[in-house]
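Visitor: Fold the following.
(one chain, ligands or ions: 1)
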Amino acid sequence: MASKKILIVGGGIAGLTLAIALTRRGIACEIIESNPQWGVYGVGIILQSNALRALETLGLAQRCLEAGFPYSTTRYYDAQGQFVRERIKPNLSGDRFASSTGVLRPVLHDILRAEVLALNVPVRLGLTVSQSAQAGGRVDVTFSDASVGSYDLVVGADGIRSEMRRTVFGAEHQPTFMGQACWRFTADRPAEVPHAVMYRGTRTQAGLIPLTQDKMYLLLLTAEPGNPRLERDSLRGMLAERLGEYGGLIGELARALPDSNEIVYSPLEPLLMPAPWHRGRVVLVGDAAHATTPHIAQGASMAFEDAVVLSELLDEAPSIDQALLAYTARRWERCRLIVYNSLQIGRWQLQAWEGKPDPQADIVTLSNQTLEALRAPI
Ligand SMILES: Cc1cc2nc3c(=O)[nH]c(=O)nc-3n(C[C@H](O)[C@H](O)[C@H](O)COP(=O)(O)OP(=O)(O)OC[C@H]3O[C@@H](n4cnc5c(N)ncnc54)[C@H](O)[C@@H]3O)c2cc1C
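Guide: Sure thing, here's the model as predicted:
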């Protein structure tokens, strides 16, 4: 395809990976990022083997493996720390990588950001799109600093609350709170957490995920009816209350919680954009197009895969319009499966916590089947 000018709105996981993928193929692009510090707010992230498979095609897998903590097993305990069962997660990489690799979220961001800068991708910080208008196969953009630009393609990689989605696709496409929230903080990793550990409470689900030789994170899934707005200062006390029933390692961590400002509280709000994921020459990638709850830990994997597929199509399809149509066609069902099945798992948990468990509920089987379906090439 002839040379083109591409603007990526958002320098997070999807935007950075897409910039790397395009540049590797010799396609020029530039990034704008609204956060002047270009940092990330977060604890850790699980990279599943399909994430590493996608990152390997971009030459980034080894750096993530070296910075992270690979593991393939999840051990399940009751709330008091009594062992229940062990699960070996499906490996989608033909055993090239572990099934999962825990990575500190800021470290993953640093790896992607460093590569973008090393590839000399232009990045402008503290900037967003104020207005965009399309005519004749071009997008004319006015930025928030009043500068202007004209592009062959604009990519909305601006996350779950995407403004590109709102302004170009319509305000009706909003993520919807599904009843659960996730609490997380980073802690020192003891030797007995060399794999994921899940603890089943009566009305919550706790877990520990290894991130490095020294660090892990604690996660707690809770029901938060009505999606209350929580004061930042109250997080420590509220988390202590919610962890009250746990013994064992979780109980120990609950007695030594960090300050509220080190606790990340995330209401879970999935969204799946209907096909197609483009309007004219504006296309969505990552959470802007498909935000999932974290029950199968696939949100970032889907963003990496979006980047690999979109860059390939923009390089190889006869026209941008054909590339964009083929992009949704290749991505939609895979992302739908993740969003729907992750949501189903969350709903089963909520039903069980309300004392009305669905007799059909089988979280491990649905999670394994979903991962198996991702084994197919992207
Ligand atoms: C609790 C929780 C746990 C999770 N755990 C996992 C996990 O273990 N494994 C996994 O694979 N996924 C996980 N995810 C999902 C994962 O975090 C997301 O799928 C991923 O961050 C999506 O990347 P993104 O680039 O689309 O969005 P983001 O990472 O949100 O990046 C968007 C970027 O765009 C910028 N931006 C926003 N608005 C604008 C604007 N108007 N103009 C310019 N820039 C803008 C933002 O500042 C940001 O830098 C989890 C999610 C949650 C909520």
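Visitor: contacts and neighbour counts: CA atoms only from here.
Guide: Fine.
Visitor: Run through the neighbouring helices and strands of the helix or strand hosting Ser367.
Guide: Using DSSP states H and E, Ser367 sits within helix 363-373. Helix 363-373 is packed against helix 320-353, with contacts defined by 3 or more C-alpha pairs under 8 Å, 6 or more residues apart in numbering; DSSP states H and E.
Visitor: between the helix it packs on and helix 363-373, how many degrees?
Guide: 170 degrees (axes from the mean of the first three to the mean of the last three C-alpha atoms, to 10 degrees).
Visitor: got the CA positions of the helix holding Ser367 in CSV?
Guide: Presented in CSV, the C-alpha positions along helix 363-373 are these (Å, rounded to 0.1, in the frame of the first residue of the first chain):
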residue,chain,number,x,y,z
ILE,A,363,-15.5,-21.3,35.9
VAL,A,364,-12.4,-23.3,35.3
THR,A,365,-13.8,-25.2,32.3
LEU,A,366,-15.2,-22.0,30.7
SER,A,367,-11.9,-20.2,31.3
ASN,A,368,-9.9,-23.2,29.8
GLN,A,369,-12.2,-23.5,26.8
THR,A,370,-11.9,-19.8,26.1
LEU,A,371,-8.1,-19.9,26.2
GLU,A,372,-8.1,-23.0,24.0
ALA,A,373,-10.2,-21.1,21.4
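Visitor: start the count at 872, not 1, going forward
Guide: Got it, first residue is 872 now, which makes that one helix 1234-1244.
Visitor: buried stuff in that helix?
Guide: Ile1234, Leu1237, Ser1238, Asn1239, Thr1241, Leu1242 (16 or more other C-alpha atoms under 10 Å).
Visitor: and what of stretch 1037-1045?
Guide: Across stretch 1037-1045, burial judged by 16+ other C-alpha under 10 Å covers Val1039, Phe1040, His1044, Gln1045.
Visitor: Over to stretch 1063-1083?
Guide: For stretch 1063-1083, by 16+ other C-alpha under 10 Å, it's 1064-1072, 1074-1083.
Visitor: Gln1005 touches Asp1011, doesn't it?
Guide: Yes: under the criterion of C-alpha atoms under 8 Å, Gln1005 makes contact with Asp1011 at 6.3 Å.
Visitor: intersection of neighbour lists for these two?
Guide: Common contacts of Gln1005 and Asp1011 (C-alpha atoms under 8 Å, 6 or more residues apart in numbering): none found.
Visitor: Mind pulling the model confidence for Arg1126?
Guide: Per-residue confidence for Arg1126 comes out at a pLDDT of 96.
Visitor: Quick one: residues contacting it.
Guide: Ala1111.
Visitor: Leu1181 too?
Guide: Counting by C-alpha under 8 Å, 6+ apart, Leu1181 has contacts Leu889, Ala1194, Leu1195, Tyr1198.
Visitor: Try it again at 10 Å.
Guide: 889, 892-893, 1154, 1156, 1187, 1194-1195, 1197-1199, 1201-1202 (C-alpha atoms under 10 Å, 6 or more residues apart in numbering).
Visitor: any idea which of those residues has the most stuff around it?
Guide: Leu889 (31 neighbours; other C-alpha atoms under 10 Å).
Visitor: Fine by me, we can end here.
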